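Enquirer: what follows is a predicted structure for the sequence shown.
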Amino acid sequence: MEAVILILGLLVVAFVALGIYVSVKLIRAASRGVDRTITQARRAVEDTTLRAKTYGQVGVAGELAQLRLSLRTSMRATQEALQTGVTEDASLSESLGLFQRLSVHGRELDDELKRLEREPDKKTVTSLLPSLKKCTGEITRSADSLRWAARDRARQFADDDLAALNEQIDVEAGALRHWTTEEPVPGGQDPTGAPGAPATFRSAHPQGQGQGQWNGNGSGNGLSGDAGVAEAITAADPRQQTTYPWQKSARPETTN
């Protein structure tokens with residue numbers, strides 16, 4: 001009895017521990033989902049604000065907003081392209097590592113541009129614009145290069161796969177259309193071995209199954225050798241001949 005109580009107690013403790021573990025996992029997953037949603041909403045608000053500043057403000061503020069918008073757009077597009085492609089092509093992992101190093105410089109530049117937006121000394125900010133534009137151009141150019149290289153690689157793989165598939169389909173289509181084959185008899189002689197006779201062609205169907213041969217003299221008897229001679233001398237029984245739907249029935253002889 002004590003053993004049963006002990007086992008039941010252990011089961012209760014195990015179920016409670018399992019419930020706590022599952023609850024913690026669910027809470028963490030929900031928290032990550034909420035954080036992801038908040039991050040995406042904040043990003044959308046910042047992008048909308050930057051677009052509004054680009055079109056609504058002139059001078060230094062508008063140029064800084066344009067630099068930030070182009071930087072964020074290029075980096076985000078490259079990140080999505082590489083993260084999506086690495087799941088199908090493992091060779092992009094090195095490119096993704098390079099992009100992560102580039103993202104460090106991109107975030108530093110974006111933070112600096114963001115601080116300069118609030119800088120009251122516009123004259124100093126104006127003097128810094130050429131170097132800021134150069135740095136932004138270098139980062140966006142590198143990000144764009146990685147993104148288009150990954151896309152070209154994926155497109156090349158798709159084109160190669162399509163070309164191989166088309167070749168296989170062409171081979172299969174040719175095999176489906178190749179329903180008969182005509183093989184010439186070696187030596188250019190007829191089956192009887194008579195010299196000088198026209199070339200003989202043999203049907204793809206095996207002999208002896210209702211498929212005859214065509215010889216150069218235009219006669220087809222369905223047999224070869226002595227059996228053919230015997231059939232030519234002794235008339236065959238019409239009742240034992242194989243008839244086909246397209247053959248005309250023989251007309252009866254008339255007597256005068």
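Expert: Now that the structure is in, tell me what you want to look at.

Enquirer: C-alpha from now on. contacts and neighbour counts both.
Expert: Will do.

Enquirer: can you list the weak-confidence ranges in the protein?
Expert: For the chain, residues meeting the criterion pLDDT under 70 lie at 34-36, 39-40, 43, 56, 180-256.

Enquirer: 90 instead?
Expert: 1-63, 65, 83-94, 117-125, 153-158, 174-256 (pLDDT under 90).

Enquirer: and the helices in it?
Expert: 2-56, 60-85, 93-117, 122-177, 226-233 (DSSP state H).

Enquirer: mean neighbour count, those: which tops it?
Expert: Of the helices of the chain, the one with the most neighbours on average (mean count of other Cα atoms under 10 Å) is helix 60-85, at a mean of 18.

Enquirer: show me what it packs onto, helices and strands only.
Expert: Helices and strands touching helix 60-85, by 3 or more Cα pairs under 8 Å, 6 or more residues apart in numbering; DSSP states H and E, are helix 2-56, helix 93-117, helix 122-177.

Enquirer: what angle do it and helix 93-117 make?
Expert: Comparing the axes of helix 60-85 and helix 93-117 via axes from the mean of the first three to the mean of the last three Cα atoms, to 10 degrees yields an angle of 160 degrees.

Enquirer: adding distance to A77 as columns, could you present the helices and strands packed on helix 60-85 in a markdown table?
Expert: As requested, the helices and strands packed on helix 60-85 are exported to a markdown table (distance: least, Cα to Cα, whole Å):
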| stretch | distance to A77 |
| --- | --- |
| helix 2-56 | 14 |
| helix 93-117 | 12 |
| helix 122-177 | 8 |
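
Enquirer: of all the ones you listed, which one is nearest R68?
Expert: Among the helices and strands packed on helix 60-85, the nearest to R68 by Cα to Cα is helix 93-117 (6.1 Å).

Enquirer: touching the closest one from outside, list them.
Expert: The contact list for helix 93-117 (Cα atoms under 8 Å, 6 or more residues apart in numbering) reads 61, 64-65, 67-68, 71-72, 75, 79, 82-83, 86, 125, 136, 139, 143, 146.
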